[in-house]
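Chemist: what shape does this take:
(2 chains)
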Amino acid sequence: GDSVTQMEGPVTLSEEAFLTINCTYTATGYPSLFWYVQYPGEGLQLLLKATKADDKGSNKGFEATYRKETTSFHLEKGSVQVSDSAVYFCALEGSYNTDKLIFGTGTRLQVFP
Amino acid sequence: NAGVTQTPKFQVLKTGQSMTLQCAQDMNHEYMSWYRQDPGMGLRLIHYSVGAGITDQGEVPNGYNVSRSTTEDFPLRLLSAAPSQTSVYFCASSSGTGGGYQETQYFGPGTRLLVL
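Modeler: Reported below is the predicted structural model:
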């Protein structure tokens, strides 16, 4: 079945460092891909999404490109801030006409001043 | 708009007790779902609904019941709580209708459940 694999955390960075969180997926057809973020004590919020191959999703300085050839959707940010500290979830929505999300295990990011 | 609301925020149960986790949304969304979040396992889908009167099972439905009598509400029932149901529960909603239109899902703040 469909699945999502994320790099394990925590990822610890200094402020203004470059961030990459790896995400790869296994799916039949052409899934849509998402990054959700969970700040401490809160629910998940959509960060960005891409619905077809080569699409780039972007929001708040974060970017991710849907790479079908490598089945990847890595999250990047050029300069992280302390306020970016959170747990990041990669997710996919299957292509067979459902709204169900399949999540990765999450990656905790800690940014220090 | 309040968005997606969940009550209670925290609950402690004894094994065998029953309870209902409440979820409500005021966005007139057709699609609602329940997830549980466990360390190292991400979020897993328990049950979902594509509209009032329609529910279906997700990945981990055992031990949970749902019903959807109105568009706004989607309660999750634990009939006989077990320690394995200790988790954080999230409700989500979207304007999707189960047709895979990639509509954004909006999550509630979560209910933390401890079963002793």
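Chemist: hmm, B:Met27 and B:Ala2 touching each other?
Modeler: No: using C-beta atoms under 8 Å, B:Ala2 is not in contact with B:Met27, being 9.1 Å away. Bear in mind the C-beta positions are built from the backbone N, C-alpha and C, glycine included.
Chemist: between those two, which one's more packed in?
Modeler: Neighbour count, other C-beta atoms under 10 Å in any protein chain shown: between B:Ala2 and B:Met27, B:Met27 has more, with 14 against 9.
Chemist: what helix or strand is the more buried one located in?
Modeler: In the assignment (DSSP states H and E), B:Met27 maps to no helix and no strand.
Chemist: what's the answer for B:Asn65, then?
Modeler: According to DSSP H and E, B:Asn65 maps onto strand B:64-66.
Chemist: quick one: buried residues of that strand?
Modeler: B:64, B:66 (16 or more other C-beta atoms under 10 Å in any protein chain shown).
Chemist: can you list the strands that it pairs with?
Modeler: For strand B:64-66, the pairing partners within the sheet under DSSP bridges are strand B:76-78 (antiparallel).
Chemist: ok, now which ones touch A:Val87?
Modeler: A:9, A:37-38, A:106-109 (C-beta atoms under 8 Å, 6 or more residues apart in numbering or on different chains).
Chemist: so which residues of chain A form strands?
Modeler: Ranges of strands in chain A, per DSSP state E, are A:3-6, A:11-14, A:19-21, A:23-26, A:32-38, A:44-50, A:56-59, A:62-65, A:75-77, A:86-93, A:101-103, A:107-112.
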